[in-house]
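Peer 1: Sequence and predicted model, in that order:
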Amino acid sequence: MSFSVRKAEKKDVHDLSRLFYEFIGKESDVHAMQQRLEDISGNPNYYVAVACDVSSFL
């Protein structure tokens with residue numbers, strides 16, 4: 001497998017929500033998660049990183 005790491009984008013919110021459930025075992029509020037991602041993205045000192053499987057594109 002090959003992975004690419006990038007900054008999370010708005011389109012990643014649903015996948016991040018599912019990942020939150022896997023880690024914590026509780027449902028997450030997708031709208032609250034989207035707001036939090038926007039808040040973090042607005043600060044140049046922080047970001048959320050996501051890893052994407054790029055081997056399926058090769």
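Peer 2: Okay, I see it.
Peer 1: Going by C-alpha atoms from here, please, whenever you check contacts or count neighbours.
Peer 2: OK.
Peer 1: In the helix or strand hosting residue 31, which residues are buried?
Peer 2: Assignment of secondary structure by DSSP states H and E places residue 31 within helix 30-41. By neighbour count on 16 or more other Cα atoms under 10 Å, the buried set for helix 30-41 is 33, 34, 37, 41.
Peer 1: and what of stretch 4-20?
Peer 2: 8, 13, 14, 16, 17, 18.
Peer 1: Between which two of the residues you listed is the distance greatest?
Peer 2: Maximum pairwise distance among those (Cα to Cα): 14.3 Å, between 8 and 18.
Peer 1: hmm, back to that, can you list the buried residues of stretch 4-20 in CSV and add pLDDT and distance to residue 52?
Peer 2: Formatted as CSV, those follow (pLDDT from 0 to 100; distance: Cα to Cα, whole Å):
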residue, pLDDT, distance to residue 52
8, 95, 10
13, 95, 14
14, 94, 14
16, 93, 12
17, 92, 15
18, 92, 15
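Peer 1: who's in contact with residue 16?
Peer 2: Residues counted as contacts of residue 16 (Cα atoms under 8 Å, 6 or more residues apart in numbering): none.
Peer 1: Oh, that last question was meant for residue 20, not what I typed.
Peer 2: With contact set as Cα under 8 Å, 6+ apart, residue 20 has these partners: 26, 27, 28.
Peer 1: Doesn't the second one lie inside a strand?
Peer 2: No: with DSSP: H, G, I helix; E, B strand; the rest coil as the criterion, residue 27 is located in coil rather than a strand.
Peer 1: Which of the helices or strands spans the closest residue to it other than its chain neighbours?
Peer 2: Leaving out its chain neighbours, the residue that sits closest to residue 27 by Cα to Cα, 6 or more residues apart in numbering is residue 21, at 5.5 Å. For residue 21, the element it lies in under DSSP H and E is helix 13-24.
Peer 1: one step back: so the residue nearest to residue 27 versus residue 5, what's the distance?
Peer 2: Distance of residue 21 to residue 5, given as Cα to Cα, to the nearest Å: 21 Å.
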